[in-house]
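Asker: The following comprises the amino acid sequence and a computationally predicted model.
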Amino acid sequence: MASIAIRDVRKSYAKMQVVHGVDLDIASGEFVVILGPSGCGKSTLLRMIAGLEEISDGTIAIDGAVVNKLEPRKRGCAMVFQNYALYPHMSVAQNIGYSLKVAGVPAAERTQRIQAVARILELEHLLDRKPMALSGGQRQRVAMGRAMIREPKVFLFDEPLSNLDAKLRVQMRSEIRKLHRRLNATSVFVTHDQVEAMTLADRLVVMNGGRVEQVGTPAQVYSRPASRFVATFVGAPAMNVLEGEVTLEGLSLLGGGRKLNVSRAGLSVGSKVAVGIRPEAVGMVAPGTPGALAATVDLVEELGAGRVVYVDLDGAPFSVVTSETVHPEPGSAIGLQFSETDLHFFSSETGSRLDVFKASVPEPAL
Amino acid sequence: MEKRVTFGRWTIGILFAVPQLILIFTFFYWPAGQAVYWSLTLQQPWGGGNIWVGLENFRSILANADYWNSITTSLVFAGISTGLAMTIALVLATLTDRQLAGSRLYRVVLIWPYGIAAPALALAFRFILAPEAGFMAFANQFWPGFWDPGLDGADAMASIILAFSWKYVGYNFIFFLAALQAIPRSLIEAAAMDGSGVVRRFRDIQFPLITPTIFFLLVINITESFQDSFGIVDIMTAGGPANATNLMVYKIYSDGFRGLDYSGAAAQSIILMLLIVALTIVQFRFIERRVHYR
């Protein structure tokens, strides 16, 4: 149980800076997920907490004590690696118990603790096997056991589920959640998978290009994305974003010259904005319905429970998620309807969220 | 599915194998067979045919104290030079593996000694270790009589061990470095997270994982120390002083071509062959068990 305080942490390799000043506070017992595309610096940040990467600038403190210069073993963190990193020449029991052996724990107590961990993870019948003889899910569990047995202050997970198949991933996801509830240890989990991130996190940290874009609960991040990047990165299919310009009447969408009637409180006429709407918030109506945007169906993806309809809106790609039983034909005309309260506005220059706008009822196209 | 080409007629298959069979027969079985034949006969130095003597050659060799001395010398040489060459190479490779800047250069530079012909290398070391000039002369200045491979058998043995090890350090280094780099970085990091320090990590993780390479190099080094040492001995000590460096492979040459005892030399080469075979079997039987293959 420990809190982590990250203050203006930076990381550079030679002349390339990959992490640009991250500030983050992780409360004791919290499950924090760092989400971002590959190369955004999320793994580097995790490895700096672990002590596997040197911190170029700034400080990381665990339980109030700055750990910048401490060796990994002195930080009280345990890590689960993406490729499990099990010692191939040791049995499952030896793998799990290695840290205790290094720490000089007597053999009897070691065996007892290995047994206890194995019981929790249902590995008891596999203790004598070598990692080679295990399935992916079992290896994953051994890696978890190796982290658990040390009763660490902090658990670090570096994309631990990305080598598993889809079904196992879902299963392991809920097991990690249950385990966290049981141990209640501070956990930092790095992933590029947003479903993993949304389901696991108490708090979500979205990173891009070495910077933190947003910190918040999964619901906050989904419903009020702080930037255009977060808006399009979180949620599947991605949020639709259309470029527009503020006019005297409201908002003119670039490309087709369509208009949205919105009050432009605080924004000067002529400024460029991006307007976003989640595919789930768009309804499909018959073409020509008053107040609907006219579009042409491009492609329909069947998901079983619903379908994703990709439409052409004056050349801009746009997607709609629907659970209704309508099956629009590619090439057919439809109308798109949405509530103004579901619109998100972002500055075209900086990409950051603009909350000054309140949309009124969208007008149909000409 | 195993890929396998099958021939309708066995003669075609044989024809494909013939070039290789000819090579093996001409350069391996024929000379080896000839050596076995010579070892069972007495060859007359000025021609006139061979006289069949059965195992008489072996009997006289094995009754000879000089020969037993040569076996002991060979074993000492093999043991120390293999140990030295492998230990130094492993230390260098471990250090290089930890800090990789410039390791490509090391790899190239360190393989060069292996490419140098033994006699050329031996000549260089003869100068380097000469008692009358250079560094060792300097040492002799302070401790008169400290170093003289021409008079002291132990010094002579140390010289050839040094030269041979130098050649094989580079060879071993390449294999060790490759083996160490094949260990996934995350294993080392996982061990670091588990609380293991540098030395402990080497003992518990890296060393067990490179045992296949260690075993391979052990077999190669020992075998080569019995065979590849000829050029070094010939140039540096010529077997002396007082047979102190008269390794088996050198004794075969000196008895056969200097002493003109072809039959005795042939018998010695058969014994050397059997000894290498026996050592290799022992290594596979008793050491391979401790090897962790992944």
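Answerer: Great, that's in hand.
Asker: Mean pLDDT per helix and strand in chain B: which one sits at the bottom?
Answerer: Lowest on mean pLDDT, DSSP states H and E among the helices and strands of chain B sits helix B:103-115, with a mean of 79.
Asker: And it, how far out from the chain middle?
Answerer: Relative to the centre of its chain, helix B:103-115 is centred 19 Å away, using CA atoms, centre = their mean, to the nearest Å.
Asker: Give the other helices and strands that that helix contacts.
Answerer: helix B:65-98, helix B:153-181 (3 or more CB pairs under 8 Å, 6 or more residues apart in numbering or on different chains; DSSP states H and E). From N, CA and C alone the C-beta is placed, and that goes for glycine too.
Asker: Geometric centre of chain A: which residue is closest?
Answerer: residue A:35 (3.3 Å; CA atoms, centre = their mean).
Asker: That residue contacts residue A:197, doesn't it?
Answerer: Yes - using CB atoms under 8 Å, residue A:35 is in contact with residue A:197, at 4.1 Å.
Asker: tell me, what's touching these two both at once?
Answerer: Overlap of the contact sets of residue A:35 and residue A:197 (by CB atoms under 8 Å, 6 or more residues apart in numbering or on different chains) consists of A:191, A:204, A:234.
Asker: Just the ones in strands from those, please.
Answerer: A:191, A:204 (DSSP state E).
Asker: Let me know the closest of the shared contacts of residue A:35 and residue A:197 to residue B:160.
Answerer: residue A:191 (60.3 Å; CB to CB).
Asker: My read is that the closest one contacts residue A:162, right?
Answerer: Yes - contact between residue A:191 and residue A:162 holds when scored by CB under 8 Å: they sit 7.4 Å apart.
Asker: so which of the helices and strands packed on helix B:103-115 is the most packed in?
Answerer: Of the helices and strands packed on helix B:103-115, the one with the most neighbours on average (mean count of other CB atoms under 10 Å in any protein chain shown) is helix B:153-181, at a mean of 21.
Asker: Could you give the average pLDDT over that helix?
Answerer: For helix B:153-181, mean pLDDT is 91.
Asker: and the helix or strand just after that helix, is it in reach of chain A?
Answerer: Next along the chain after helix B:153-181, taking DSSP states H and E as the criterion, comes helix B:185-193. Yes - with CB under 8 Å from any CB of the partner chain as the measure, helix B:185-193 is seen reaching chain A through B:186, B:187, B:189, B:190, B:191, B:192, B:193.
Asker: From chain A, how far out is residue B:163?
Answerer: 36 Å (CB to the nearest CB, to the nearest Å).
Asker: In contact with that residue, which residues?
Answerer: Contacts for residue B:163 (CB under 8 Å, 6+ apart) come out as B:121, B:122, B:125, B:232, B:236.
Asker: Using PDB, write out the CA atom coordinates for the least confident helix or strand of chain B.
Answerer: What follows is helix B:103-115, C-alpha atoms only, in PDB (Å, rounded to 0.1, in the frame of the first residue of the first chain):
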ATOM      1  CA  SER B 103      30.200  -4.000 -29.300                       C
ATOM      2  CA  ARG B 104      30.100  -4.500 -33.000                       C
ATOM      3  CA  LEU B 105      33.700  -3.300 -33.200                       C
ATOM      4  CA  TYR B 106      34.700  -5.700 -30.400                       C
ATOM      5  CA  ARG B 107      33.100  -8.500 -32.300                       C
ATOM      6  CA  VAL B 108      35.100  -7.900 -35.400                       C
ATOM      7  CA  VAL B 109      38.300  -7.200 -33.600                       C
ATOM      8  CA  LEU B 110      38.200 -10.100 -31.200                       C
ATOM      9  CA  ILE B 111      37.600 -12.700 -34.000                       C
ATOM     10  CA  TRP B 112      40.800 -11.700 -35.700                       C
ATOM     11  CA  PRO B 113      43.200 -13.700 -33.400                       C
ATOM     12  CA  TYR B 114      41.300 -16.800 -34.400                       C
ATOM     13  CA  GLY B 115      42.100 -16.100 -38.000                       C
END
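Asker: for the stretch 1-150 of chain A, which spans come out with low pLDDT?
Answerer: Residues of the stretch 1-150 of chain A meeting the criterion pLDDT under 70: A:1.
Asker: Break down it into its strands, ranges please.
Answerer: A:4-13, A:16-26, A:31-35, A:57-62, A:65-66, A:77-80 (DSSP state E, counting those that start in this stretch).
Asker: could I get these as TSV with distance to residue B:49?
Answerer: Below are those laid out as TSV (distance: least, CB to CB, whole Å):
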stretch	distance to residue B:49
strand A:4-13	77
strand A:16-26	80
strand A:31-35	88
strand A:57-62	88
strand A:65-66	91
strand A:77-80	78
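Asker: Pipe those into a markdown table and attach distance to chain B per row.
Answerer: Below are the strands of the stretch 1-150 of chain A laid out as a markdown table (distance: least, CB to the nearest CB, whole Å):
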| stretch | distance to chain B |
| --- | --- |
| strand A:4-13 | 13 |
| strand A:16-26 | 17 |
| strand A:31-35 | 18 |
| strand A:57-62 | 14 |
| strand A:65-66 | 18 |
| strand A:77-80 | 5 |
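Asker: taking those together, which one is wrapped up most tightly?
Answerer: Taking mean count of other CB under 10 Å, strand A:77-80 is the most buried of these, at a mean of 27.
Asker: which secondary structure element contains residue A:349?
Answerer: Under the criterion of DSSP H and E, residue A:349 resides outside all helices and strands.
Asker: Skip the chain neighbours and tell me the closest residue to it.
Answerer: Nearest non-adjacent residue to residue A:349, counting by CB to CB, 6 or more residues apart in numbering or on different chains: residue A:272, 7.2 Å away.
Asker: Which residue of chain B lies farthest from its centroid?
Answerer: Farthest-from-centroid check, chain B (CA atoms, centre = their mean): residue B:8, 44.6 Å.
Asker: how close does that one sit to chain A?
Answerer: Taken as CB to the nearest CB, the span from residue B:8 to chain A is 42 Å.
Asker: dump the residue contacts of the nearest residue to residue B:114 once chain neighbours are set aside.
Answerer: Excluding the flanking residues, the one nearest residue B:114 by CB to CB, 6+ apart is residue B:171, at 4.3 Å. Counting by CB under 8 Å, 6+ apart, residue B:171 makes contact with B:85, B:89, B:111, B:113, B:114.
Asker: neighbours around the third one, how many?
Answerer: Counted with other CB atoms under 10 Å in any protein chain shown, the burial measure for residue B:111 works out to 13 neighbours.
Asker: next one: the last one
Answerer: Taking other CB under 10 Å as the criterion, the count of residues near residue B:114 is 16.
Asker: quick one: secondary structure of the residue nearest to residue A:301 when sequence neighbours are not counted?
Answerer: Spatial nearest neighbour of residue A:301, excluding adjacent residues (CB to CB, 6+ apart): residue A:308 at 4.2 Å. With DSSP: H, G, I helix; E, B strand; the rest coil as the basis, residue A:308 sits in strand.
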